[in-house]
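> Requesting a structural model of the entry that follows:
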Amino acid sequence: TPFQDKQGKWWCTAFFNANVPPVGRKGIAKRDLGENAQTINEQGVTIVPLDVRVLDDGEVFIRAKDPAYASPGPDEAQQFNFRELMPAADTVAGRWTRERVNAWYDKLPWLVGCNYYPATAINQIDMWQESTWDPHQIDKELEWANSIGVNTLRVYLHDLVWAADEQGFYHRMDQFLDICQKHSIRPFFVFFDDCHYPNPKLGPQPLPVKAWHNSGWVNCPARPVALRYANGTATKAEVAQLKGYVQRTLKRFANDDRILAWELYNEPGRGAGGLEGQGKRGSIGDRSNRLVHDSWVWAREINPSQPITSCTQGSVGRMNVAINFANADFHSIHCYSPADTLKSLIKDYQSDGRPVFVTEWLARTNGSTVAECLPVMKQHNVAAINWGFVVGKSQTHYPWASRRNDKGKFLDVNATRDSGRVVHPGEPFPEPELWFHDLFRMDGTPFDPDEIKVFRNLTASNKW
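As a prediction, this is how the structure comes out:
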């Protein structure tokens, strides 16, 4: 069991290691024991220093600092069937059978893409509202995407843009699909998202905070609406807006072959740790499950020709995960961990007998790299859709930790922006030495040319 000392350091105890003699008593009070495991007495009690953190993606990170203690021994290792840990959830009528969805998937090339928004957009609203719609930039970036074998994109929509200008919104979606088709790309669209900032607004979006990961990404729907929906207190107009946004959009494009699929909800239950008044973590967990479930009902009532999914791994709330697992035609999972963890997760979800899309990956500082992870996804024939493409206003080439101060506490994005720490129009975006997400700069040069070679080599035969 991990414990914390008065100085805030984390430890756990371990079994006696005969290769590590007990540390001598002389001068022990002045020694730093915080980097390696130490046997502290003749009885064999060993204390192991730990690195314990809550990551910005919601995962609790616990690792032994001493590599000799980093992995459990054969008598300590435990394995769990991840499906046995899920609560029961009903399947809404209309789910594709395994035979049908696998027949669909078998006709596709290996799918490779990214979570896409142009570098000139700080969020979903910036991408889709008329005043900041930028088809020229999109066309330029998708030409680069096509050149490295990208054949799909995961693209976020927003209900506020739809509600303000439904037909204009659909016109811009048509334009986007035409650009994608020009570059041999079939995207899929995401309706809802619980990640990041809770109060989206139409109109001019905030300036990007300098060297800050995703300083403008917004919830969809707005967090107050999501909470009212969860509590059953949303107004009739709010419910009608969310239902209409899903159903009328699905109906409008139900038989459009330019669209690969639909995703109803990205990471339901999440938040953005202390950002913009969301509290310690801002996650709402299973309070999202009413909207998660209803989005499946709404989508199945339309029954588009394309398959439908909704995020499982990466979500917060056991019921959120269970509902999406029980209803997805194919599975959408997230993994920002090294290749071994990715491989294990893929096998878990493939055991359900349905296609698997890794719809978020690539976090270089976490060990999720192009060289190690992309070949794993090709080997296991799962879609590989990394976060980010061209560095721009979102600045996701900076890590999640860029939103914290030196003591690990979350900074307030609004106060930081008001202090003047922003990137003004026309200014270059700063770069960390090692990028977190993203592949290209705005001038078309890659962060790492060797990564681009890996993409091109692995996608050489990817043709629609």
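> thinking residue 225 is in contact with residue 235, fair?
No. With contact defined as Cβ atoms under 8 Å, residue 225 does not reach residue 235; the gap is 9.1 Å. Every C-beta, even on glycine, is put in place using the N, C-alpha and C of the backbone.
> which of those two has more neighbours?
residue 225 (22 against 11; other Cβ atoms under 10 Å).
> is it fair to say the more buried one lies in a helix?
Yes. The assignment for residue 225 is a helix, going by DSSP: H, G, I helix; E, B strand; the rest coil.
> Tell me the spatial nearest neighbour of it, not counting adjacent residues.
With Cβ to Cβ, 6 or more residues apart in numbering as the criterion, residue 225 has its nearest non-adjacent residue at 5.5 Å, and that residue is residue 238.
> secondary structure class for the one you found?
Classification of residue 238 by three-state DSSP places it in helix.
> How many residues are close by it?
Residue 238: 18 neighbours (other Cβ under 10 Å).
> mind listing what it touches?
221, 225, 228-229 (Cβ atoms under 8 Å, 6 or more residues apart in numbering).
> And for residue 164?
By Cβ under 8 Å, 6+ apart, residue 164 lies in contact with 129, 202.
> before we move on, what about the one 4 residues further on?
Remark: with contacts taken as Cβ under 8 Å, 6+ apart, residue 168 is in contact with residue 130.
> With residue 376 instead?
Residue 376 makes contact with 339, 342-343, 346, according to Cβ under 8 Å, 6+ apart.
> Turn the residues you listed into a markdown table, including secondary structure and neighbour count.
Output for those, formatted as a markdown table (DSSP: H, G, I helix; E, B strand; the rest coil; neighbours: other Cβ atoms under 10 Å):
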| residue | secondary structure | neighbour count |
| --- | --- | --- |
| 339 | helix | 18 |
| 342 | helix | 24 |
| 343 | helix | 16 |
| 346 | helix | 21 |
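> Strands of this protein, residue ranges please.
Counting by DSSP state E, one finds strands in the chain at the ranges 3-4, 10-14, 38-39, 46-54, 60-64, 112-116, 152-156, 188-193, 261-266, 308-309, 331-334, 356-360, 383-387.
> Show me the shaky parts of the stretch 301-450 of the chain.
The stretch 301-450 of the chain contains no residues with pLDDT under 70.
> So which residues of it form helices?
Using DSSP state H, counting those that start in this stretch, the helices of the stretch 301-450 of the chain run over residues 318-327, 339-350, 370-379, 413-418, 449-458.
> One more: the stretch 151-300 of the chain?
Listed in chain order, the helices of the stretch 151-300 of the chain (DSSP H, counting those that start in this stretch) span 159-164, 166-182, 223-231, 236-252, 289-302.
> buried stuff in the second one?
What that stands for is helix 166-182. For helix 166-182, the neighbour count (16 or more other Cβ atoms under 10 Å) marks 169, 172-173, 176-177, 179-180 as buried.
> what's the angle between that helix and strand 112-116?
150 degrees (axes from the mean of the first three to the mean of the last three Cα atoms, to 10 degrees).
> Likewise for the third one?
Orientation check (the same axes, to 10 degrees): helix 223-231 against strand 112-116 gives 110 degrees.
> still on that earlier bit, got CSV for the strands of the chain, with mean neighbour count and distance to residue 425 too?
Listed next are the strands of the chain as CSV, based on neighbours: other Cβ atoms under 10 Å; distance: least, Cβ to Cβ, whole Å:
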stretch, mean neighbour count, distance to residue 425
strand 3-4, 11, 46
strand 10-14, 17, 44
strand 38-39, 20, 55
strand 46-54, 17, 35
strand 60-64, 13, 37
strand 112-116, 24, 22
strand 152-156, 24, 23
strand 188-193, 24, 26
strand 261-266, 24, 28
strand 308-309, 25, 37
strand 331-334, 24, 32
strand 356-360, 27, 29
strand 383-387, 25, 24
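> CSV for the ones you listed, including distance to residue 444?
Listed next are these as CSV, based on distance: least, Cβ to Cβ, whole Å:
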stretch, distance to residue 444
strand 3-4, 48
strand 10-14, 44
strand 38-39, 52
strand 46-54, 36
strand 60-64, 35
strand 112-116, 15
strand 152-156, 18
strand 188-193, 25
strand 261-266, 28
strand 308-309, 32
strand 331-334, 28
strand 356-360, 24
strand 383-387, 18
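> Worst mean pLDDT among the ones you listed?
Among the strands of the chain, strand 38-39 carries the lowest mean pLDDT, a mean of 62.
> circling back: for residue 261, see how far away the residue nearest to residue 225 is.
27 Å (Cβ to Cβ, to the nearest Å).
> Kindly report the same for residue 200.
Distance from residue 200 to residue 261, by Cβ to Cβ: 24 Å.
> before we move on, what about residue 186?
With Cβ to Cβ as the criterion, residue 186 and residue 261 are 9 Å apart.
> next one: residue 216
Distance, residue 216 to residue 261, by Cβ to Cβ: 27 Å.
> Going by neighbour count, list what's buried in stretch 294-309.
By neighbour count with 16+ other Cβ under 10 Å, stretch 294-309 contains the buried residues 294-296, 298-300, 302, 304, 306-309.
> repeat for stretch 337-357
Those would be 337-339, 342-343, 345-346, 348-349, 352, 354-357, for stretch 337-357 by 16+ other Cβ under 10 Å.
> Quick check: the two most widely separated of those residues?
The span of the buried residues of stretch 337-357, defined through Cβ to Cβ, is set by 338 and 354 at 24.6 Å.
> OK, contacts around the spatially most central residue of the chain?
Geometric centre of the chain, nearest residue: residue 360, 4.7 Å, by Cα atoms, centre = their mean. By Cβ under 8 Å, 6+ apart, the residues touching residue 360 are 115, 314, 334-336, 385-387.
> List the beta-bridge partners for it.
residue 334 (DSSP bridges).
> Among the buried residues of stretch 337-357, which one lies nearest to residue 412?
Nearest to residue 412 among those, with distances taken as Cβ to Cβ, is residue 337, at 29.0 Å.
> wait, which of the strands of the chain is closest to residue 137?
Residue 137 lies closest to strand 112-116 among the strands of the chain, at 11.6 Å (Cβ to Cβ).
> Next, the angle strand 383-387 makes with that closest one.
Going by the same axes, to 10 degrees, strand 112-116 makes 30 degrees with strand 383-387.
> just to revisit the earlier point, could I get the helices of the stretch 151-300 of the chain as a markdown table with distance to residue 142?
What follows is these, written out as a markdown table (distance: least, Cβ to Cβ, whole Å):
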| stretch | distance to residue 142 |
| --- | --- |
| helix 159-164 | 20 |
| helix 166-182 | 6 |
| helix 223-231 | 32 |
| helix 236-252 | 21 |
| helix 289-302 | 27 |
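> What separation do you get for residue 145 and residue 355?
Distance of residue 145 to residue 355, computed by Cβ to Cβ: 22 Å.
> Just give the closest residue to residue 114, not the sequence neighbours.
Spatial nearest neighbour of residue 114, excluding adjacent residues (Cβ to Cβ, 6+ apart): residue 389 at 4.5 Å.
> Tell me who's in contact with that neighbour.
Contacts of residue 389 (Cβ under 8 Å, 6+ apart): 114-116, 141, 144-145, 438-440.
> so residue 442 makes contact with residue 390?
Yes. Residue 442 lies in contact with residue 390 (Cβ under 8 Å); the separation is 6.1 Å.
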